[in-house]
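Enquirer: Attaching a predicted model along with its sequence, questions to come.
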Amino acid sequence: MEKSCSLLVHFDKGTPALANEIKEALEGNDVPAKVDAMKKAVMLLLNGETLPQLFITIIRYVLPSEDHTIQKLLLLYLEIIDKTDAKGRLLPEMILICQNLRNNLQHPNEYIRGVTLRFLCRLNEVEIIEPLIPSVLSNLEHRHPFIRRNAILAVMSIYKLPQGEQLLADAPEMIEKVLTSEQDQSAKRNAFLMLFNCAQDRAINYLLTHVDRVPDWGELLQMVVLELVRKVCRTNKAEKGKYIKIIISLLNAPSAAVIYECAGTLVSLSSAPTAIRAAANTYCQLLLSQSDNNVKLIVLDRLNELKSSHRDIMFDLIMDVLRALSSPNLDIRRKTLDIVLDLITPRNVNEVVLTLKKEVVKTQSGELEKNGEYRQMLIQAIHSCAIKFPEVASTVVHLLMDFLGDSNVASAMDVVVFVREIIETNPKLRVSIVTRLLDTFYQIRAARVCSCALWIIGEYCLSLSEVESGIATIKQCLGDLPFYSISEEGDAADPAKKSQQVTSITVSSRRPAILADGTYATQSAASETAFSPPTVVQGSLTTGNLRSLLLTGDFFLGAVIACTLTKLVLRLEEVQPSRVEVNKASTNVLLIMVSMLQLGQSSVLPHPIDNDSYDRIVLCIRLLCNTGDEVRKIWLKSCRESFVKMLSDKQLRETEEIKAKAQISHSQPDDLIDFYHLKSRRGMSQLELEDEVQDDLKRATGEFIKDGDDANRLNRILQLTGFSDPVYAEAYVTVHHYDIVLDVTVINRTKETLQNLCLELATMGDLKLVERPQNYTLAPESSKQIKANIKVSSTETGVIFGNIVYETSNVLERTVVVLNDIHIDIMDYISPAVCSDAAFRTMWAEFEWENKVAVNTVIEDEKEFLDHIIKSTNMKCLTAQSALEGECGFLAANLYAKSVFGEDALVNVSIEKQADGKLSGYIRIRSKTQGIALSLGDKITLKQKGGS
């Protein structure tokens, strides 16, 4: 495989065919056996065998065969074998082949002629090709399009050979004639491709003379036209206008592939609003007309790119993009919502929210298994719309509150968090939200949602009627007291009786419950639900959701109920003039709390109450028995104040990010601006004028992408050999997502010519070399640039190592210079990213790879150490700045980043200050794949020391 080859066949080396067997089969008359033997011979040759003894057998017994399969395999065989000797001269026996190829090119069968012409495209030996040229040219006028098609390709490949222009001096002229008279679409495309590659001026000339007929050309030809347009416009920007017209005319082509390419070409060549709008409309049209999910995802990616560079045009297309939500695929829906949420303005927000509301309602009726997840995405989308534009909150908040009792806990949780934020930011909606929440409270089935809803009730029930109905609702949901009867506590000691009575098989998200048969049942928070209350409870109500959750042993919820009731009673004291009513409510509440404590300490439940919840409920009891003004202020005001502070912090962070984005400067103060406006405008269309203006604007704002900073380039140059080595080499490494390009400069420092110099590379980790190394000859004291491409398949620290091998005329063996290793840094692949706390926690629980690094540093300040880790790992700190302020000797923060391959990297930093002033603690890294966890761990271990 040292030489280039157009064919790769997997061959199992376990059972190599013997040359003698192949020879016998080829000499026989059995056609299937001959085919099989030819296949084996081709496979052996591809795997490095030489098989010189087969050549004459094949010439004698295979050449004369009329079978098409054998002829095709013969051409493959001829393509693979060496046609020259060690000095590069043609082997004499190849003359035999030459005669056979000429006969094939004049063969009465069209297939034989066609495949032989195709074979000539892959031949590089001028001595074989030269006698065949008249036969190839005669095939250009054959009646059958298959032959004409391949004859044009053969002419193109012969013309592209180093001596091609002498062999076929007038090829472009002939092909241009063929192009004007040709009717077959495929042959026409090949002819145009030949002109495009070998005589670009003729191709441009042909295109501009037939510019009106371009929309009627076939799909294949239109694709080549687009390629030509791209190439011409890059090299000659002044001519752009007339070519953009051609692209716009092709936007109505029937082929989806052509219009997709047109849109891409328009965006890359022009910034004129008309052109960008046309491209964006085309993408939206493809988004709706194509049924393939992969196509939709690619088109959404293109729209996302347009959104970042041409936001103002995308605003008008937001409703067209939203129509992609009709696809049942979650990835498509997620991408669509991400694009739309970025384009919301006061003008279109009402339309968008209306569409999202309709989609939410649809998720109730359908039976799709992913409905819960989709509903959650929609709720989050509506939430962010309502936060940006508070005026739309009133239209959606009541609809969403129907989903508080959703069986999908995550989406119910999103709803209740949304309601909590809206009730604070929209004071006008407070009364209606509280009323609605109290009406629907009994439907809530999940403990976490109940806790949040109870907090809202405790904080926002302000008037007398609201406070009273709040207390009444909670009492109703707890059912009749006590939670169990004394006789049953006595029976509980007898497991046989107990098993008949306790049929509760619900589980809270915090601890396992024991089933009737004595086994444990556990359930994750994601599928948390509540079942009917156990039979130990007297007078259980159908609406007793709080009661059934309490009886599963969820005493954290019990503590939340106690706090809520305490707040409501404290507020009742302020708004209720009658002391009798206040005392009545207070004693009822105290009774509920005492009953909860009794339940927690009884043996009815498998687990007793936890200490935290016990202390909290006891605190509430003490508070109600003895209230002071200071405590009242803490309970009724401070909670709300800290919540308001949290919301303002969040908004502050978002506005700071937007400001930071806006401050990135595109151009330097002393950059040159060309005033194109002073030149003549005669004969320019509206589109060309627009394009010129946009180009000027881009030039003025420095948006034309400049070459990378030269000083930065120097930092990326790695020295591969020493200065005293006969060959000096250095590499410039460019990392571009899935590719690494090594630009290696090799300098011959000796006074001799180095022959067969070869750069041999090998890789470790998830890196793959793309091409095989070539041999070069290096004159004394000259240099050579060698490029090597390496593919990357995952985020992992990889190593590239290798050597340079060469021969000199006076030394027989080859000389080897070993190169320094090149380490590919994981930092080139990961970039800071943002995710919600809930998403972070979910991923933290799911990811199986964890790497724990102990803190070992000379830095003594916690905040400074965290900043050092963020800088060295290229990650984003998700923990709010306000949470990291102050001096307490402890610090915990979450960091997050995403790799270019879409992998997530989660880091948790937990540190404390020791008595001697040093920092100790752990940095935990979690990811889905082992590569990121290990590579990031190594990086942190290397960099965390700090100091110098």
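Expert: On my side now, so go ahead. Residues are numbered from 1 along each chain as shown.
Enquirer: name the helices or strands packed onto the helix or strand where Met194 lies?
Expert: Met194 is part of helix 185-198, with elements assigned from DSSP states H and E. Counting contacts by 3 or more C-beta pairs under 8 Å, 6 or more residues apart in numbering; DSSP states H and E, helix 185-198 packs against helix 145-159, helix 171-181, helix 200-209, helix 219-235. Backbone N, C-alpha and C define where each C-beta goes, glycine included.
Enquirer: got CSV for these, with mean neighbour count, mean pLDDT and distance to Asp867 too?
Expert: Listed next are the helices and strands packed on helix 185-198 as CSV, based on neighbours: other C-beta atoms under 10 Å; pLDDT from 0 to 100; distance: least, C-beta to C-beta, whole Å:
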stretch, mean neighbour count, mean pLDDT, distance to Asp867
helix 145-159, 23, 91, 60
helix 171-181, 17, 87, 64
helix 200-209, 16, 87, 55
helix 219-235, 18, 85, 43
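Enquirer: Now distance to Asn329 too, for the ones you listed, in a markdown table please.
Expert: Shown next, in a markdown table, are the helices and strands packed on helix 185-198 (distance: least, C-beta to C-beta, whole Å):
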| stretch | distance to Asn329 |
| --- | --- |
| helix 145-159 | 39 |
| helix 171-181 | 44 |
| helix 200-209 | 40 |
| helix 219-235 | 27 |
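Enquirer: roughly how far out does the helix holding Met194 sit from the chain middle?
Expert: Relative to its chain's centre, helix 185-198 lies at 37 Å (C-alpha atoms, centre = their mean, to the nearest Å).
Enquirer: Quick one: low-confidence residue ranges for the stretch 751-900 of the chain.
Expert: Counting by pLDDT under 70, the ranges of the stretch 751-900 of the chain that qualify are 794-795.
Enquirer: can I have stretch 147-164 written out in CSV, keeping just the CAs?
Expert: Taking Å, rounded to 0.1, in the frame of the first residue of the first chain, the C-alpha atoms of stretch 147-164 are listed here in CSV:
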residue,chain,number,x,y,z
ILE,A,147,-19.0,6.1,-23.8
ARG,A,148,-19.0,9.9,-24.5
ARG,A,149,-19.2,10.5,-20.8
ASN,A,150,-16.2,8.4,-19.9
ALA,A,151,-14.2,9.6,-23.0
ILE,A,152,-14.5,13.2,-21.7
LEU,A,153,-13.3,12.1,-18.3
ALA,A,154,-10.4,10.2,-19.9
VAL,A,155,-9.4,13.4,-21.9
MET,A,156,-9.5,15.4,-18.7
SER,A,157,-7.3,13.1,-16.8
ILE,A,158,-4.8,12.8,-19.7
TYR,A,159,-4.7,16.6,-20.0
LYS,A,160,-4.0,16.9,-16.3
LEU,A,161,-0.9,14.6,-16.5
PRO,A,162,2.5,16.5,-16.2
GLN,A,163,3.0,16.1,-20.0
GLY,A,164,-0.7,16.3,-20.8
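Enquirer: Domains in this structure, by residue range?
Expert: Following the TED database, the chain resolves into domains at 461-483+543-636, 713-824, 828-944.
Enquirer: Quick one: closest of these to Arg118.
Expert: domain 713-824 (23.9 Å; C-beta to C-beta).
Enquirer: Wasn't Arg143 part of a strand?
Expert: No - using DSSP: H, G, I helix; E, B strand; the rest coil, the secondary structure at Arg143 is coil, not a strand.
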